[in-house]
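>>> sequence and predicted structure below; questions after.
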Amino acid sequence: MKAKRERTLWRVGKGVLQPFDAATTEALRAKGYKVGDVLHADLAKPRSPGFHRLAHQLGGMLAENLDTFDGMPAHAVLKRLQWEGNIGCEEFGAQAPGLGLVMVRIPRSLSFQSMDDGEFREVMTALCRYVSKTYWPTCTPEQVEAMASVWVEAA
């Protein structure tokens with residue numbers, strides 16, 4: 001599993017990256033970074049809250065409409081879909097007594113801190129494709145996504 005790194009927000013200027021807010025500026029000071037320091041960075045675009053909401057709407061819609069997921073919370077549905085379809089998962093080998101080497105699949109977190117916008121969109125597209133193929137073959141992946149985007153949880 002990947003170690004979690006502190007995330008800070010930056011604004012792109014002409015030829016520069018600038019701290020987005022006071023919290024980022026303070027984090028830089030706390031680490032002792034100074035003007036002119038060279039830093040290693042992994043840049044990623046933050047996720048759209050609306051697109052993140054779509055994931056939970058997809059999980060809720062499936063729990064509400066498919067017996068396979070009846071009674072499951074939306075988050076659990078997403079994790080199960082990830083595992084079933086090997087979508088956004090980490091895989092590794094483990095020794096199991098009496099079985100030898102077995103492959104273990106663990107769904108990665110879909111949280112804002114764990115996955116950037118581009119990767120999250122790829123995972124959501126793959127989940128909709130998997131749902132279409134496995135559970136609703138009469139629907140295209142685009143139709144599954146469209147249904148989830150307008151689905152409202154029953155009160």
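It's in. Since the structure is predicted, the reported quantities are computational estimates derived from the model, not experimental observations.
>>> low-scoring stretches of this protein, by residue?
1-5, 152-155 (pLDDT under 70).
>>> name the helix or strand for the residue nearest the centre of it, please.
Closest residue to the average C-alpha location of the chain: L110 at 2.5 Å, with CA atoms, centre = their mean. Taking DSSP states H and E as the definition, one finds L110 inside no helix or strand.
>>> quick check on it: phi, psi?
phi -100, psi 10 (degrees, to the nearest 10).
>>> what residues are up against it?
For L110, the contact set (CB atoms under 8 Å, 6 or more residues apart in numbering) comprises H52, A55, L78, G88, F120, V123. Where C-beta positions appear, they are placed from N, C-alpha and C, glycine not excepted.
>>> can you tell me how far the nearest residue to F112 once chain neighbours are set aside is from R53?
Leaving aside its sequence neighbours, F112 sits nearest to R47 (CB to CB, 6 or more residues apart in numbering; 5.3 Å). Separation of R47 from R53 (CB to CB, to the nearest Å): 10 Å.
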